[in-house]
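Colleague: Here's my sequence, what's the structure:
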Amino acid sequence: MSKITALAADAMALNLSLTGIKVEEVSEGSEAESRCEALLQDRLDVLIIDEQLRDGFSDRMKDRLKRHSGEPLIVYCPAFDEEDSNVDAYLSAVIKPAVGFEIRLV
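Modeller: As a prediction, the model looks like this:
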């Protein structure tokens with residue numbers, strides 16, 4: 001069974017926990033960044049990070065996440081309350097690097 005953990009705050013933490021995923025609920029700022037550091041060291045298969053938390057990370061941490069490869073697979077979860085989100089483009093950006101080809105949802 002895959003080991004999946006999400007790092008999220010507020011409503012996003014609740015939404016993700018309703019799916020059955022283990023959720024580390026944190027507040028914005030240094031607490032979120034330090035928990036992310038710790039989770040990257042855990043033996044996880046997938047780490048889901050709330051995009052709003054990632055936006056508050058330091059430049060050093062953002063760069064580390066950008067350069068990260070291997071396990072855990074890092075997936076960013078956008079805020080569901082945004083109206084202008086382009087789901088197809090987002091899924092393509094996440095799936096194509098992971099599997100090596102583009103999957104289009106119709």
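Colleague: so who does L7 touch?
Modeller: 23-24, 26, 32, 35-36, 39, 47-50, 53 (C-beta atoms under 8 Å, 6 or more residues apart in numbering). Bear in mind the C-beta positions are built from the backbone N, C-alpha and C, glycine included.
Colleague: Just list whatever residues bridge to it.
Modeller: According to DSSP bridges, the residues that bridge with L7 are E24, I49.
Colleague: that older thread, neighbour-wise, which of the contacts of L7 leads?
Modeller: Ranked by neighbour count (other C-beta atoms under 10 Å), the contacts of L7 have D50 at the top, with 27 neighbours.
Colleague: Can I get the contacts of L7 in JSON lines including pLDDT?
Modeller: Converted to JSON lines, these look like this (pLDDT from 0 to 100):
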{"residue": "V23", "pLDDT": "90"}
{"residue": "E24", "pLDDT": "86"}
{"residue": "V26", "pLDDT": "87"}
{"residue": "A32", "pLDDT": "85"}
{"residue": "R35", "pLDDT": "86"}
{"residue": "C36", "pLDDT": "84"}
{"residue": "L39", "pLDDT": "85"}
{"residue": "L47", "pLDDT": "86"}
{"residue": "I48", "pLDDT": "87"}
{"residue": "I49", "pLDDT": "86"}
{"residue": "D50", "pLDDT": "86"}
{"residue": "L53", "pLDDT": "83"}
